[in-house]
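Participant: Structure of the sequence below:
(4 chains)
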Number of protein chains: 2
Amino acid sequence: MSKGEQTRQEIVERALALAGEVGLEGVSLGVLAASLNLSKSGLFAHFKSKEALQVDVLQRAIDNFIQDVVVPALKQPRGEPRVVTLFDYYLGWVHGNGRSGSCFFMALTHEYDDRPGPVRDLLVQSQRDWYDTIARAARTAVEEGHFRADLDLEQFAYDFVGIGMVFQQVAKLLENPRAEMRARSAFAALLERARP
Amino acid sequence: MSKGEQTRQEIVERALALAGEVGLEGVSLGVLAASLNLSKSGLFAHFKSKEALQVDVLQRAIDNFIQDVVVPALKQPRGEPRVVTLFDYYLGWVHGNGRSGSCFFMALTHEYDDRPGPVRDLLVQSQRDWYDTIARAARTAVEEGHFRADLDLEQFAYDFVGIGMVFQQVAKLLENPRAEMRARSAFAALLERARP
DNA sequence: GCCTCAACCGACCGACCGTGCTATTTTGTC
DNA sequence: GACAAAATAGCACGGTCGGTCGGTTGAGGC
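Facilitator: Alright, predicted model coming up:
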């Protein structure tokens, strides 16, 4: 990897960390450069625009999410174990046990839900992929006989994500220590409904 | 109402509308003033600081929420009808059928979940009140015999809010036309679990 | 030893930010 | 209609923003 490419990676990584604190739009090139002991112009030379940097940062977050949440689940046996693992690592990601401070896909959802552009486009695609991933894992559980044959997969994914979202608010904003217990309890009920 | 107070109200109202599009932090005094045909300093004179304005805006949103969601529900008979009405108006609020473009309590959650200060404090309190309101409505349903006597009220509120949160993402960001159907389906399942 | 080229820097631009200060206009009261 | 008070405007300040530009550095190939 060339020096330039390595620096680029460091920039994206640092920007991702900062974005977890101040939002993606809130990461200024000056602050980002300073935190890397780089000049602002030296940093900017790696990207055509701030927006291009933002896209790279989001793509990096997507890669991290797949690596930290999806891949471990795919290593589990098909069916309910895979679905359960997906949820476990998802909770961990949302809580920030993963790399970034918290789930910034949710933050980006509100930052970009009415701000068109390539960042939003990539975000939308990634979230649709995420719902699909959940639905596909649930489908394996149906096929294995762990879940009901007539289970509504899209609805399952919907409920799944909702549990994670409210978990984020209750845990991080409201600082309720029972948040994780609530999430696991809600997920247990969801599983119960999905079973034959 | 004096002229000054009236202007103040208009400022807060306009700021609330703008905040729905660009976030609370994203509302700049210059743009806000221009959209009201006011000078920036003339506008600023009504508030001690931008932060004070933000607090007022949030308080206004809270008042709107109570007016648009909580009050109509309280007019319904105690028990399940009240809970159902609460959810109906909540969905309407989130979808933006209410005054503001979308539920900006959720947006604020991510804007302020790690930014201490009076805005965050007020937000936390308002959200805790909201969970309590849901739980209290559910309690009336228990008392009326509509819900199970051993229903976990806090868990009910948790599940309730989660449905609304994922609804926001699926409807607004992913623009999925089945979002509302999903939300209502999830809520129906929640009700089913709550009944004796 | 020299040349090249990617990598990086410092200075700078115009625009906008929140916030004071001092007029000036508008409002409400007698 | 005069006058005090309230409301608003004008203006300037120090900062930060994304972005540009002309240069400097340094490592690798010849």
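Participant: which residues does residue A:24 contact?
Facilitator: If you count contacts by Cβ atoms under 8 Å, 6 or more residues apart in numbering or on different chains, residue A:24 has them with A:54, A:57-58, A:104, A:107-108, A:111, A:119. The way it works is simple: take the backbone N, C-alpha and C, and place the C-beta from them, glycine included.
Participant: These into TSV, with extra columns for neighbour count, pLDDT and distance to residue A:29?
Facilitator: Formatted as TSV, the contacts of residue A:24 follow (neighbours: other Cβ atoms under 10 Å in any protein chain shown; pLDDT from 0 to 100; distance: Cβ to Cβ, whole Å):
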residue	neighbour count	pLDDT	distance to residue A:29
A:54	22	97	11
A:57	23	97	12
A:58	24	97	17
A:104	22	87	19
A:107	23	93	20
A:108	26	95	19
A:111	24	93	18
A:119	20	97	16
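Participant: From these, which land in helices?
Facilitator: Counting by DSSP state H, the members of those that fall within helices are A:54, A:57-58, A:104, A:107-108, A:111, A:119.
Participant: can you redo the residues you listed as CSV with distance to residue A:81?
Facilitator: Compiled in CSV, the ones in helices among the contacts of residue A:24 are given as follows (distance: Cβ to Cβ, whole Å):
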residue, distance to residue A:81
A:54, 37
A:57, 33
A:58, 30
A:104, 28
A:107, 30
A:108, 30
A:111, 35
A:119, 35
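Participant: what does chain A have sitting close to DNA strand C?
Facilitator: A:2-5, A:7, A:33, A:37-43, A:45-46 (Cβ under 7 Å from any atom of the strand).
Participant: Please indicate which of the residues you listed are buried?
Facilitator: For the residues of chain A next to DNA strand C, a burial check counting by 16 or more other Cβ atoms under 10 Å in any protein chain shown picks out A:7, A:33, A:38, A:43, A:46.
Participant: which SS state does the last one fall under?
Facilitator: The three-state label given to residue A:46 by DSSP: H, G, I helix; E, B strand; the rest coil is coil.
Participant: Identify the residue nearest it in space, chain neighbours excluded?
Facilitator: residue A:8 (5.0 Å; Cβ to Cβ, 6 or more residues apart in numbering or on different chains).
Participant: List the buried residues of whichever helix or strand the one you found is part of.
Facilitator: Element membership of residue A:8, judged by DSSP states H and E, is helix A:3-22. Buried positions in helix A:3-22, judged by neighbour count with 16+ other Cβ under 10 Å: A:7-8, A:11-12, A:14-20, A:22.
Participant: How far does the helix or strand following it sit from its chain's centre?
Facilitator: Per DSSP H and E, the first helix or strand lying C-terminal to helix A:3-22 is helix A:29-34. Distance of helix A:29-34 from its chain centroid, counting by Cα atoms, centre = their mean, to the nearest Å, is 25 Å.
Participant: now check helix A:29-34, is it near DNA strand D?
Facilitator: Yes: applying Cβ under 7 Å from any atom of the strand, one finds helix A:29-34 touching DNA strand D at A:29-31.
Participant: pLDDT, neighbour count and distance to chain B added to the residues you listed, as TSV?
Facilitator: TSV is the format used below for those (pLDDT from 0 to 100; neighbours: other Cβ atoms under 10 Å in any protein chain shown; distance: Cβ to the nearest Cβ, whole Å):
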residue	pLDDT	neighbour count	distance to chain B
A:29	97	17	18
A:30	96	12	18
A:31	96	14	15
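Participant: Who are the contact partners of the residue lying closest to residue A:135 once chain neighbours are set aside?
Facilitator: Once flanking residues are discounted, residue A:135 sits nearest to residue A:153: 4.1 Å by Cβ to Cβ, 6+ apart. Contact partners of residue A:153, counting by Cβ under 8 Å, 6+ apart, are A:135, A:138-139, A:142.
Participant: Give the full set of residues in contact with residue A:56.
Facilitator: A:8, A:12, A:47.
Participant: Quick check: pLDDT value at it.
Facilitator: On the pLDDT scale, residue A:56 is placed at 97.
Participant: Check the gap between it and residue A:115 for me.
Facilitator: 18 Å (Cβ to Cβ, to the nearest Å).
Participant: Pull the distance from the helix holding residue A:8 to the chain's centre.
Facilitator: So, by Cα atoms, centre = their mean, the centroid of helix A:3-22 is 17 Å from its chain's centroid.
Participant: Output the contacting helices and strands for that helix.
Facilitator: Here helix A:3-22 touches helix A:29-34, helix A:50-65, helix A:104-112, going by 3 or more Cβ pairs under 8 Å, 6 or more residues apart in numbering or on different chains; DSSP states H and E.
Participant: switch the cut-off to 6 Å
Facilitator: Secondary-structure packing of helix A:3-22 (3 or more Cβ pairs under 6 Å, 6 or more residues apart in numbering or on different chains; DSSP states H and E): helix A:50-65.
Participant: Below-threshold pLDDT in chain A: ranges please.
Facilitator: Low-confidence segments of chain A (pLDDT under 70): A:97-102.
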